[in-house]
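> Following is a predicted model, sequence given first.
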Amino acid sequence: MRVSSATLATGTASSGGTHWNYSDLTLRGLGTSRGNSTDKTTQSHPFYDPPPQAKLPPTATAPLYSNGAELNNLPADLAETAAEGPSGPSNIRPVQEQPPAVELSRQIYVVGFRNRARFIAHSLAPIPQIPPVRILAHHRSEASAKWLEEGQAIDLHDARGKLLSSHPIHCPEYIGPRVGAPGFSRWNGGFLDNIVVDTGIAALHPTLRALRHSIDNRTTICLIQEGLGVIEKLNEEIFDDPAVRPTYILGHMTHNLARHMGTSMALRHKGNNGQLLLSAVPREEDHGLEAALRHHFIGLLSASEALRPVGLSWIKFLHRKLPGMIWSSLVDSISVILGCRYDQIVKDTHARRLWHALLDETLYIVSSLPEFRDKPNLLKYFTRDEFRMHLRQRLANQGPMYSEWISLIRRGDVTPVNFINGYFVRRAEELGLDHRVNSLVVSMVKARHQARIRELDADIPFGLKPYMMDGDKLGGGINEDDSDFNL
């Protein structure tokens, strides 16, 4: 197995990490062996303006669109190479101008315990070059109990339930309640170097605000979230000082994961074509250290064959991210607004009218994005009739399933509508385009959430209000085995 990590030609390695002089970086492969197991970013970037192109490690050699059956993939004639070539060594400056060496840690922290977060922890566990992953969770007793009950490990099963691998993990560390006083945290585990964040939108801001004391410009955060616009929000509300703002990597996972039946931590991996798409976010003023941090973290994640990481430029990442966002902006928002199952959208005339109006507006916004102005082949994927047909067919295949957003509303949690439909609204506002349908959808989803909050505050028993009746299961109906164990 060949993996990559950013390595300094003139640096030295130590047991605690790697010493880096970030003025002269090269990318070099590292040999690995089997571990002990049973098997300053601009506030508008990358949401409004296309960023400068960032060089990525040569590990992203897998095809960008490897499976033509997936919604996120293009036909073969439009496929492009995903990975960027390795960045060559920079010109060495005079010795007196070189910055001091910086030691980059290989410790990775996973914040959150949803399916994707557990899969990342499981995939990195057997790699000997990486210290044991530390998982930060919100529910101390529950997380510890589940960890003990299931053998202090995360098991991975295939779609039929056959055990594929089992890797031990450290006990999840308690970082304080998911909600509460801003900045409240019980975690005192020291500085956070490399963080993978996969939490629900409701927990994202409170969590990072609570960990703010352990994060600065030496920190790299890989955000794996449902929509776009999260970094802008974090910079506005939490990391408002550009001088000590962390470095970001955008992540998008296409692995089909579910919680294994009868367990809380074990996973089912459906299919074998999933990838972890990564896009480094350059800073407005990049002094070299930030670039070294990004390359270093991507190199660490690239050490895992199971994750199948692929480094993408911003435009290609956006192209892969948008199909899922368009799908969610339709089915999830309409399901919440109408309180219905997926199959009821197909059968209801008014729901179909809302579907077409919302899709027409969203695709017009996407087709007007400046990122695709010089990329007609990428834009063609969204404007062809095949894309609309694919969405309709995917909806028909869902059957009597309920949206995950319905489960969020039931618990009184916020949905990611601000970063799904809300993203299209913000892009339309910037371009001076019509966004009335998406704006209406955002308002209606938020109204549903506020109505549910009032019910919970009033302690209304289940089944006595329309949200909780059998014909309008805004209160639930999610397959328990497919839901996340959200810590």
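Structure's in. What do you need?
> Quickly run through the sheet partners of the helix or strand in which residue 164 is found, with directions.
Taking DSSP states H and E as the criterion, residue 164 maps to strand 163-168. Sheet pairing of strand 163-168 (DSSP bridges) gives strand 153-158 (antiparallel).
> Please point out which parts of the strand it pairs with sit buried.
153, 154, 155, 156, 157 (16 or more other C-beta atoms under 10 Å). Backbone N, C-alpha and C define where each C-beta goes, glycine included.
> If we ignore the residues flanking it in sequence, what's nearest the second one?
Sequence neighbours aside, residue 122 is the residue nearest to residue 154 in space, at 4.3 Å (criterion: C-beta to C-beta, 6 or more residues apart in numbering).
> if you go through this protein in chain order, where are the helices?
In the chain, the helices defined using DSSP state H lie at 115-124, 140-149, 201-210, 230-237, 289-301, 314-338, 342-347, 349-367, 376-383, 385-398, 404-411, 421-431, 436-457.
> Buried residues, the longest one. List them.
Across helix 314-338, burial judged by 16+ other C-beta under 10 Å covers 314-338.
> ok, back up a step: CSV please, covering the helices of the chain and showing distance to residue 275 and mean pLDDT.
Conversion of the helices of the chain to CSV gives the following (distance: least, C-beta to C-beta, whole Å; pLDDT from 0 to 100):
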stretch, distance to residue 275, mean pLDDT
helix 115-124, 12, 93
helix 140-149, 28, 72
helix 201-210, 23, 86
helix 230-237, 20, 93
helix 289-301, 12, 89
helix 314-338, 9, 96
helix 342-347, 25, 92
helix 349-367, 22, 96
helix 376-383, 17, 93
helix 385-398, 19, 94
helix 404-411, 21, 91
helix 421-431, 22, 97
helix 436-457, 28, 94
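> Identify whichever of the ones you listed lies nearest to residue 193.
helix 289-301 (8.4 Å; C-beta to C-beta).
> Contacts only, for the nearest residue to residue 342 once chain neighbours are set aside.
Distances taken as C-beta to C-beta, 6+ apart put residue 398 closest to residue 342, at 3.8 Å, once the chain neighbours are dropped. Residue 398 makes contact with 331, 342, 343, according to C-beta atoms under 8 Å, 6 or more residues apart in numbering.
> any idea which of these is the one closest to residue 196?
Of the contacts of residue 398, the one sitting nearest to residue 196 (C-beta to C-beta) turns out to be residue 331, at 27.1 Å.
> so how far is residue 386 from the closest one?
18 Å (C-beta to C-beta, to the nearest Å).
> what does residue 112 give?
The value you get for residue 112 to residue 386, if C-beta to C-beta is used, is 35 Å.
> With neighbour numbers in mind, choose between the two.
Between residue 112 and residue 386, counted using other C-beta atoms under 10 Å, the more crowded position is residue 112 (25 against 11).
> mind listing what residue 325 touches?
Neighbour list for residue 325: 226, 227, 228, 420, 423, 424 [criterion: C-beta under 8 Å, 6+ apart].
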